[in-house]
Every structure is written in C-alpha cells, then in structure tokens.
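> I'd like to go over a predicted model; first the sequence, then the structure.
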Amino acid sequence: MSGQMKITAKGIEVWYAWPGTPMVELSPGVVLPERFSVNTNFGDYPYAVDFEAVLEGDRFVCESLRCRRRPGEDPVTTEGLREIPVARLLRIAAERLLAGPDGKDKMRPAFPRVLEDGPTNDALLHVAGMYRLAQACGEPPTKAVEDRFNLARSTAGRWISMARRKGLLSPTTPGKAAG
C-alpha cells in the first residue's frame, strides 16, 4: 500500500490513495476523500466485509462489496448479507478518516463542555459536521447528532435548526433532510 494513507482502529481498516485523491468538504472542517476503501473484521456481523465507497452528488455510495466468512463460521448467505449495515459502516469509516492517523476524534467537542456551555458556535459547527457526515453516508442525520452528542431528540433538532439559521446547513425541503 505504498503511497496510500491507511488508518486502522477497532477492527476497521480504512485507506485511500495519498496524495492525489480528490478531497471534498461536506461542511466546514469535515473534509474527506471522494473515494476510499474499507476492510472490516469486527462486531457481531456474520462476515468480514471489504468495500469501496465513492461520493456521488452529496452522498457516499458503496461501489463494490466483498464478504468473506470468518474462520469456523457459517457460509455467506442472502440472509447474512441483509444483516450488513452498509450505511453505518460507511459512517464509521468516514469518522476514522476524519480522526486521521493520530485517532483523535475531531467530530466531538469535549462532551461535558457541550452540555455545560450549550449550543456554542463551536458545538453547532460540530453538530453541522455530524449531520452532513451522517447524511452523506445514508444514515438519519438527526438521529446521528442525537447519538453522537448524547442529546435528547428535541435538543438535537433544536441545535440542528440553530446551525441551519447560522448558515452551517442548507435550508430544508419538507419531508427531506437537507445539508
């Protein structure tokens, strides 16, 4: 893998060509390669999964997927394939890329500070980044903000609205999440 950036943590290996892979800014401070590869071998999933993701429009999509049964496990089946949470794996991989080789989580401000200080500009910037990241990976963005920052759903929704009013997220269309 000479000439490529590789990040390995907690059973997931993410890599992309470096330098030369075009980068895309999903929101201020959330910059990712427009194409990356992922190798996983963790969790309760029935298989080890390798896939390649590419940005199409404003969403990362799975361009290719390969599943391997783990040693001593059952063979690959359609039932087992349905259990693979591709969107969640995409988001986890993207978060690993954002953390970089040092593994420092750049998407989460200091948790106690967020709760104590409330929706500061810095917190809203992180909320907007998490929202766009989840949206780009095909996950429910409000739920991702809620889970990531341990906020009540109503609080997450209010902070997302505040981020939108500050111009950190684009306006919404009824029935559709907007970034």
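Received the coordinates, thanks.
> How many neighbouring residues does residue 65 have?
15 (other Cβ atoms under 10 Å). To be clear about C-beta, it is placed using only N, CA and C from the backbone, and glycine gets the same treatment.
> One more: residue 51?
So residue 51, with other Cβ under 10 Å, has 20 neighbours.
> so what's it scoring on pLDDT?
If you check residue 51, the pLDDT there is 86.
> before we move on, what SS does it have?
Classification of residue 51 by DSSP: H, G, I helix; E, B strand; the rest coil places it in strand.
> got the contact list for it?
For residue 51, the contact set (Cβ atoms under 8 Å, 6 or more residues apart in numbering) comprises 37, 38, 62, 63, 64, 65, 66, 86, 89.
> Could I get the full set of helices for the protein?
Using DSSP state H, the helices assigned to the chain run over residues 78-82, 86-99, 111-117, 121-136, 141-149, 153-165.
> any idea of the mean pLDDT in the fifth one?
Read that as helix 141-149. Averaging pLDDT along helix 141-149 gives 89.
> so how far is residue 152 from the spatially most central residue of the chain?
What sits nearest the mean C-alpha location of the chain, by Cα atoms, centre = their mean, is residue 91, with 2.4 Å. Noted for residue 91: a distance of 21 Å to residue 152, by Cβ to Cβ, to the nearest Å.
> picking up where we left off before, can you tell me which of the contacts of residue 51 are buried?
Using 16 or more other Cβ atoms under 10 Å as the burial test, these include 37, 38, 62, 86, 89 as buried.
> Make TSV out of those and add distance to residue 122 and pLDDT.
What follows is those, written out as TSV (distance: Cβ to Cβ, whole Å; pLDDT from 0 to 100):
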residue	distance to residue 122	pLDDT
37	32	84
38	29	81
62	32	88
86	31	83
89	28	82
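> Let me see the contact set for the closest residue in space to residue 168 that isn't next to it in sequence.
Nearest residue to residue 168, sequence neighbours excluded (Cβ to Cβ, 6 or more residues apart in numbering): residue 128, at 3.7 Å. Contact analysis of residue 128 by Cβ under 8 Å, 6+ apart lists 27, 28, 160, 163, 168, 169.
> of those, closest to residue 98?
Nearest to residue 98 among those: residue 27, at 11.3 Å, using Cβ to Cβ.
> Around that closest one, count how many other residues there are.
22.
> The residue nearest to it when sequence neighbours are not counted: neighbouring residues, count only.
Leaving aside its chain neighbours, residue 27 sits nearest to residue 132 (4.2 Å; criterion: Cβ to Cβ, 6+ apart). By other Cβ under 10 Å, the residues close to residue 132 number 25.
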